[in-house]
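Novice: Give the three-dimensional model of this entry:
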Amino acid sequence: MSRYRPPQPAASPYITPEGAGRLREELDRLWRVERPEVVRALADAAAEGDRSENAEYIYRKKQLGGLDRRIRHLRRRLGVLKIVDRTPEAGGRVFFGAWVTLEDENGAESRFRIVGPDEFDHAPGYISMDAPLARALLKRSPGDEVTLELATGRRTWLLLEVSYDDRS
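Specialist: Below is the predicted model:
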């Protein structure tokens with residue numbers, strides 16, 4: 001049985017300045033703080049003798065591998081990301097970085113920001129621009145209705161407001 005996984009579709013290369021800063025901070029923390037600690041612990045575990053039955057050594061090797069994978073991913077990804085640091089000229093429409101307020105069929109309002117796929121899970125209220133709802137909202141204006149076919153059925157939202165500043 002193989003472990004083949006089909007390639008994932010390429011994620012959008014856009015990111016906000018705040019998101020890029022968080023990724024750089026994570027890379028710096030992993031490289032300068034966490035990795036040296038794990039390497040020291042790995043060296044201490046290796047000095048204890050027989051490595052084949054040394055649980056601490058095996059654990060630290062796996063931990064170091066995970067850190068190195070994340071570091072490689074961040075370095076590669078930061079090299080291709082495009083930082084979007086200005087608002088679009090058509091400010092009344094939905095584009096990358098917009099804060100949108102939606103109302104669903106039940107009258108419940110929700111507010112979120114459309115950001116890049118590398119930062120959407122870092123803050124509550126952020127949604128990836130590659131998500132179906134965000135793609136449906138792009139280039140829409142307040143007053144427009146957006147309908148999506150979901151696994152749970154058809155859902156409709158009314159776009160109430162678009163802004164490019166965070167005034168929670």
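Novice: from here on, contacts and neighbour counts on C-alpha atoms
Specialist: Will do.
Novice: domain ranges for this structure?
Specialist: 14-83, 99-163 (automatic domain parsing).
Novice: how far is the last one from where the chain is centred?
Specialist: This means domain 99-163. 16 Å (CA atoms, centre = their mean, to the nearest Å).
Novice: ditto for the longest one
Specialist: Taking the mean of its C-alpha atoms, domain 14-83 sits 18 Å from the chain's own mean (CA atoms, centre = their mean).
Novice: mean confidence for that domain?
Specialist: Mean pLDDT, domain 14-83: 94.
Novice: gap between the two ends of it?
Specialist: One end of domain 14-83 to the other measures 6 Å (CA to CA, to the nearest Å).
Novice: Same question for the shortest one.
Specialist: Distance between the boundary residues of domain 99-163 (CA to CA) amounts to 5 Å.
Novice: list the buried ones in the longest helix along the chain?
Specialist: In the chain, with assignment by DSSP state H, the single longest helix is helix 55-80. Neighbour-count burial for helix 55-80 flags Y57, I58, R60, K61, Q63, L64, L67, I71, L74, L78 (criterion: 16 or more other CA atoms under 10 Å).
Novice: Likewise for stretch 13-31?
Specialist: P13, Y14, I15, T16, G19, A20, L23, L27, L30.
Novice: roughly how far apart are the fourth one and G97?
Specialist: From T16 across to G97, the span is 7 Å (CA to CA).
Novice: again, but for E37
Specialist: 37 Å.
Novice: These two: who's more crowded?
Specialist: Between E37 and G97, G97 has the larger neighbour count (other CA atoms under 10 Å), namely 25 against 14.
Novice: Now do the same contact list for that one.
Specialist: Residues near G97 by CA atoms under 8 Å, 6 or more residues apart in numbering: T16, T87, R113, I114, V115, Y164.
Novice: following the helix or strand harbouring the fourth one, which helix or strand shows up next?
Specialist: Using DSSP states H and E, the element containing I114 is strand 109-115. Once strand 109-115 ends, the next helix or strand along the chain (criterion: DSSP H and E) is strand 126-128.
Novice: could you say what helices and strands that next one packs with?
Specialist: strand 109-115 (3 or more CA pairs under 8 Å, 6 or more residues apart in numbering; DSSP states H and E).
Novice: Could I have the CA atoms of the strand it packs on written out in CSV?
Specialist: This file holds the C-alpha atoms of strand 109-115, laid out as CSV (Å, rounded to 0.1, in the frame of the first residue of the first chain):
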residue,chain,number,x,y,z
GLU,A,109,-24.6,38.9,11.5
SER,A,110,-21.0,37.8,11.3
ARG,A,111,-17.9,39.8,10.6
PHE,A,112,-14.5,38.6,9.3
ARG,A,113,-11.5,39.6,7.4
ILE,A,114,-10.4,38.0,4.1
VAL,A,115,-6.7,37.1,4.4
